[in-house]
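Engineer: Got a predicted structure here, sequence first:
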Amino acid sequence: MIITAIKIICIILAIVLIVLVILQQGKGSDLGSAFGGGSSNSMFGAVGPSNFLGKLTAFIAALFLILNLAQAVLLKNANTEVLFTDEEIQEATKTTEIPVE
């Protein structure tokens, strides 16, 4: 149940992360500035988007990484099972001794 919830949250965070990266303006003159997409008339002002979107992107990326690591640990623990007991291993090593010549 928790693994499924983490998977869904990770998918949503991945989509949000893609959108945030696409929204950010590059360092140089981008193709968007050729069509009137200058930063002076943007929603956050001239300097705001790079700072706000950069911090938000870093936060979302860190959250995405932490959730994926937690998902890996939970999946490893959920898929771990004991195949052989200690007694079965000892019995198998006794009966399969190879004579040394």
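Structural biologist: Thanks, I have the structure now.

Engineer: next SSE after the top helix by length along the chain?
Structural biologist: When the chain is parsed with DSSP state H, its longest helix is helix 48-78. Next along the chain after helix 48-78, taking DSSP states H and E as the criterion, comes helix 86-95.

Engineer: Could I get the CA-only coordinates of that next one as CSV?
Structural biologist: What follows is helix 86-95, C-alpha atoms only, in CSV (Å, rounded to 0.1, in the frame of the first residue of the first chain):
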residue,chain,number,x,y,z
ASP,A,86,20.4,-23.2,8.3
GLU,A,87,19.6,-26.9,8.8
GLU,A,88,18.8,-27.4,5.1
ILE,A,89,22.1,-25.8,4.1
GLN,A,90,24.1,-28.0,6.6
GLU,A,91,22.3,-31.1,5.4
ALA,A,92,22.9,-30.2,1.7
THR,A,93,26.7,-29.7,2.4
LYS,A,94,27.0,-33.0,4.1
THR,A,95,25.5,-35.1,1.3
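
Engineer: Buried residues in stretch 57-66, which are they?
Structural biologist: 57, 60, 64 (16 or more other CB atoms under 10 Å). Yep, even glycine has a C-beta here, placed from its N, CA and C like the rest.

Engineer: Put together TSV for the residues you listed, with distance to residue 16 and pLDDT on each row.
Structural biologist: Shown next, in TSV, are those (distance: CB to CB, whole Å; pLDDT from 0 to 100):
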residue	distance to residue 16	pLDDT
57	9	92
60	6	95
64	9	96
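
Engineer: Return the closest of those with respect to residue 75.
Structural biologist: residue 64 (16.3 Å; CB to CB).

Engineer: With adjacent residues omitted, what lies nearest to that closest one?
Structural biologist: residue 13 (4.5 Å; CB to CB, 6 or more residues apart in numbering).

Engineer: buried set for the host helix or strand of the one you found?
Structural biologist: Using DSSP H and E, residue 13 sits in helix 2-23. Neighbour-count burial for helix 2-23, counted by 16+ other CB under 10 Å, picks out 6, 10, 13, 17, 20.

Engineer: need those in a markdown table with pLDDT, can you?
Structural biologist: Output for those, formatted as a markdown table (pLDDT from 0 to 100):
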| residue | pLDDT |
| --- | --- |
| 6 | 94 |
| 10 | 95 |
| 13 | 96 |
| 17 | 94 |
| 20 | 90 |
